[in-house]
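Asks: Mind folding the following:
(chains A and B)
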Protein chains: 2
Amino acid sequence: MLWTPRSAAQTRILDAALELIVEHGVSGTSLQMIADAIGVTKAAVYHQFKTKEAIVIALTERELGQLEDALEAAEAEGSPVRAREVLLTRVIEMAVARRRAASTLQFDPVVVRLLAQHQPFQQFIDRLYAALLGGGSGTTARVHAAMLSGVISVAVMHPLVADIDDDTLRTELLQTMRRIVALPA
Amino acid sequence: MLWTPRSAAQTRILDAALELIVEHGVSGTSLQMIADAIGVTKAAVYHQFKTKEAIVIALTERELGQLEDALEAAEAEGSPVRAREVLLTRVIEMAVARRRAASTLQFDPVVVRLLAQHQPFQQFIDRLYAALLGGGSGTTARVHAAMLSGVISVAVMHPLVADIDDDTLRTELLQTMRRIVALPA
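Replies: I've put the predicted structure just below:
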């Protein structure tokens, strides 16, 4: 279980931190900026999280934690192909509902480094990839899985779809995703 | 024409800056770090570029400049559908050859803000989008164009494809891209 329960004070800090990171990147966000954003002292932030890195780990944990339900539902399916379908459907729903924030975090070089170093994250990501591969392991399956990741994380926040409503965007994305993986290549 | 010719000294600075930004993000990279990386004084960097923002604009200009040839070749095609095909083929080639650097720059919040504010970049991006849309303008065309952007920028640097060789990756990506846009939805 990746998700650590957070107090109201911690949640407020994490929400403010995510908003600042979306605008300035991890490196451009300081504990002081987070404190200012929620109108508390830096000491109050420090009392909850000792370092910015701890905040970034908590944020990443929270993002991945939201994927965990989807992943468990997928893994409970009998066939790998059906598992991938369930995962994609759920993840697209989440990505569309949130659009911008998740992607920014995901591409920040500081977050990428943390993800690679933090063992529980790596194990979770291995499970995600396994589900995304839909039972395949060859070159084509890996390229498809990489494309699905790209589609989910980038397409939802693309300027070209900014004024498409959530329902329509979800339907269109899912339809095209199915087209990526459904046909033999 | 977006691309400003650069001196050898400027090119050295831009190369070092891009490498540092890939690792630390724009906010986490300073003129001093760039100076240290190439073994010159901060004053020597300052002599070429007055601010970090000027370096980021120059880097973005250079990245987009590399797309310009591809875009011009695409625009020279008779049909929008054929134009999109030419653009995708050329852009995938470039993205695969470089894999990591371009995407990092593209998702940095500081770069995103600069792109939105810098008029010549906006005009160029409008041309790119027009070519990506392949003559369409409705919801499906926009979702497809957003997905193609996502695929190009993210799939090429995904861990799952890290050990697939360039030729194979290029072929597989192009094949699946064609599947995204070729069929009516």
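Asks: Show me where chain A has its strands.
Replies: Along chain A, no segments are classed as strands by DSSP state E.
Asks: Let me know how buried residue A:157 is, in neighbour terms.
Replies: Residues contacting residue A:157 under the criterion other Cβ atoms under 10 Å in any protein chain shown number 21. Placement of C-beta: from N, CA and C, glycine included.
Asks: you'd agree it is up against residue A:99?
Replies: Yes. Contact between residue A:157 and residue A:99 holds when scored by Cβ atoms under 8 Å: they sit 5.3 Å apart.
Asks: can you pull the buried residues of the longest helix seen in chain A?
Replies: For chain A, the helix reaching the highest residue count under DSSP state H is reported as helix A:52-75. For helix A:52-75, a neighbour-count test (16 or more other Cβ atoms under 10 Å in any protein chain shown) marks A:52, A:55-64, A:66-67, A:70-71, A:74 as buried.
Asks: And the residues you listed, which is closest to residue B:3?
Replies: When the buried residues of helix A:52-75 are compared for distance to residue B:3 (Cβ to Cβ), residue A:56 wins out at 35.9 Å.
Asks: contacting residues around the closest one?
Replies: A:17, A:21, A:26, A:110-111, A:114 (Cβ atoms under 8 Å, 6 or more residues apart in numbering or on different chains).
Asks: Could you check how far it is from chain B?
Replies: 12 Å (Cβ to the nearest Cβ, to the nearest Å).
Asks: For chain A, which segments count as helices?
Replies: In chain A, helices defined by DSSP H lie at A:8-24, A:31-38, A:42-48, A:52-75, A:80-98, A:101-107, A:109-117, A:119-133, A:139-150, A:166-182, listed in chain order.
Asks: Mind exporting the C-alpha coordinates of the fourth one to PDB?
Replies: What follows is helix A:52-75, C-alpha atoms only, in PDB (Å, rounded to 0.1, in the frame of the first residue of the first chain):
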ATOM      1  CA  LYS A  52      11.100  19.600  -0.100                       C
ATOM      2  CA  GLU A  53      12.100  16.100  -1.200                       C
ATOM      3  CA  ALA A  54       9.800  14.700   1.500                       C
ATOM      4  CA  ILE A  55       6.900  16.800   0.000                       C
ATOM      5  CA  VAL A  56       7.700  15.600  -3.500                       C
ATOM      6  CA  ILE A  57       7.800  12.000  -2.400                       C
ATOM      7  CA  ALA A  58       4.400  12.500  -0.500                       C
ATOM      8  CA  LEU A  59       2.900  14.100  -3.600                       C
ATOM      9  CA  THR A  60       4.100  11.300  -5.900                       C
ATOM     10  CA  GLU A  61       2.900   8.700  -3.500                       C
ATOM     11  CA  ARG A  62      -0.500  10.500  -3.500                       C
ATOM     12  CA  GLU A  63      -0.600  10.500  -7.300                       C
ATOM     13  CA  LEU A  64       0.400   6.900  -7.600                       C
ATOM     14  CA  GLY A  65      -2.000   6.000  -4.800                       C
ATOM     15  CA  GLN A  66      -4.900   7.200  -6.900                       C
ATOM     16  CA  LEU A  67      -3.800   4.800  -9.600                       C
ATOM     17  CA  GLU A  68      -3.600   1.900  -7.200                       C
ATOM     18  CA  ASP A  69      -7.400   1.200  -7.100                       C
ATOM     19  CA  ALA A  70      -7.400   1.200 -10.900                       C
ATOM     20  CA  LEU A  71      -4.400  -1.100 -11.000                       C
ATOM     21  CA  GLU A  72      -6.000  -3.500  -8.500                       C
ATOM     22  CA  ALA A  73      -9.200  -3.600 -10.500                       C
ATOM     23  CA  ALA A  74      -7.200  -4.400 -13.600                       C
ATOM     24  CA  GLU A  75      -5.100  -7.100 -12.000                       C
END
